[in-house]
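Enquirer: Mind looking at a prediction? Sequence and model below.
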Amino acid sequence: MAKILVVYHSMYGHIETMANAVAEGARRVEGAEVTIKRVPETMPQEAFKNAGGKVDQEAPVANPAELADYDAIIFGTPTRFGNMSGQMRTFLDQTGGLWAKGALHGKVASVFTSTGTGGGQEMTITSTWTTLAHHGMIIVPTGYGIGEFFDISEVNGGTPYGASTIAGGDGSRQPSNKELTIARYQGELVAQTTVKLKG
Ligand SMILES: NC(=O)c1ccc[n+]([C@@H]2O[C@H](COP(=O)([O-])OP(=O)(O)OC[C@H]3O[C@@H](n4cnc5c(N)ncnc54)[C@H](O)[C@@H]3O)[C@@H](O)[C@H]2O)c1
């Protein structure tokens, strides 16, 4: 079995919804075993709750060391000014030991994101790729693999680098059907690639 991990950071739930869609897409692929986890929240619990953070997230919390147990890792992070969130940064900063052993070298990786207005969506994905390249991971972009990427009839996330959603400044907009379709496509594509690579 090709072991696929979807690991995410979500404050308000948009990335959590996207992560579930990515996992759903990956599960369509025969030979793929899919796990969803989230990175530890670094914000004090009370402040997180007071800011309207989504406290009831089902996914168990991941430990950086366990990344070595998977064949593919799909990272989900909201943007913070065009970069991954501090929570995801802190998680990945703890993978130095794995890097020193080459433990993630040759594994498959992909990234999806959420932004308020769309600004920073591509930068967030590609700047996250930098860390993954240092690990020697095989980065899978989505390209324009399905028709949804070409649809400009409404506000829509979805980049050739990876899936995205546009949350709105107040976070009131939820991932649309088209954005979720692209997220499922990303999961499926990564799982197909991983199964092929594993032989
Ligand atoms: N982005 C959304 O989806 C969304 C949803 C609902 C509401 N809002 C509102 O929009 C505004 C901006 O939201 P945002 O998500 O860009 O920024 P934010 O300031 O709410 O949070 C961004 C990050 O800053 C850090 N942070 C914030 N408060 C902290 C604290 N007290 N202690 C430690 N770390 C802290 C955390 O790492 C957090 O992930 C906020 O007022 C927020 O409540 C946004």
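Expert: Right, received. Where do you want to start?
Enquirer: Point me to the residue sitting closest to the centre of this protein.
Expert: By Cα atoms, centre = their mean, the chain has its centre lying nearest to residue 76, at 2.1 Å.
Enquirer: Skipping its backbone neighbours, what lies nearest it in space?
Expert: residue 8 (3.4 Å; Cβ to Cβ, 6 or more residues apart in numbering). Quick note: C-beta positions are derived from backbone N, CA and C, even for glycine.
Enquirer: likewise residue 16?
Expert: residue 10 (4.1 Å).
Enquirer: and the one you found, what pLDDT?
Expert: We have a pLDDT of 98 for residue 10.
Enquirer: got a list of what it touches?
Expert: The contact partners of residue 10, by Cβ atoms under 8 Å, 6 or more residues apart in numbering, come to 16, 19, 38, 54, 57, 76, 78, 114.
Enquirer: from the residues you listed, which single one is nearest residue 143?
Expert: For the contacts of residue 10, the residue nearest residue 143 by Cβ to Cβ is residue 76; the value is 18.7 Å.
Enquirer: Can you give me the first-to-last residue distance of stretch 160-169?
Expert: End-to-end distance for stretch 160-169, by Cα to Cα, to the nearest Å: 23 Å.
Enquirer: Report the buried residues of it.
Expert: Using 16 or more other Cβ atoms under 10 Å as the test for burial, stretch 160-169 gives 161, 162, 163, 164, 165, 166, 167.
Enquirer: Which of those residues fall in strands?
Expert: 164, 165, 166 (DSSP state E).
Enquirer: can you tell me which residues contact the closest residue to the ligand within the chain?
Expert: Closest contact between the chain and the ligand, by Cβ to the nearest ligand atom, is at residue 171 (2.1 Å). By Cβ under 8 Å, 6+ apart, residue 171 lies in contact with 12, 14, 52, 116.
Enquirer: In helices, which of those appear?
Expert: residue 14 (DSSP state H).
Enquirer: thinking again about what came up before, and the residue nearest to residue 16, how far from residue 99?
Expert: According to Cβ to Cβ, to the nearest Å, residue 10 stands 25 Å off from residue 99.
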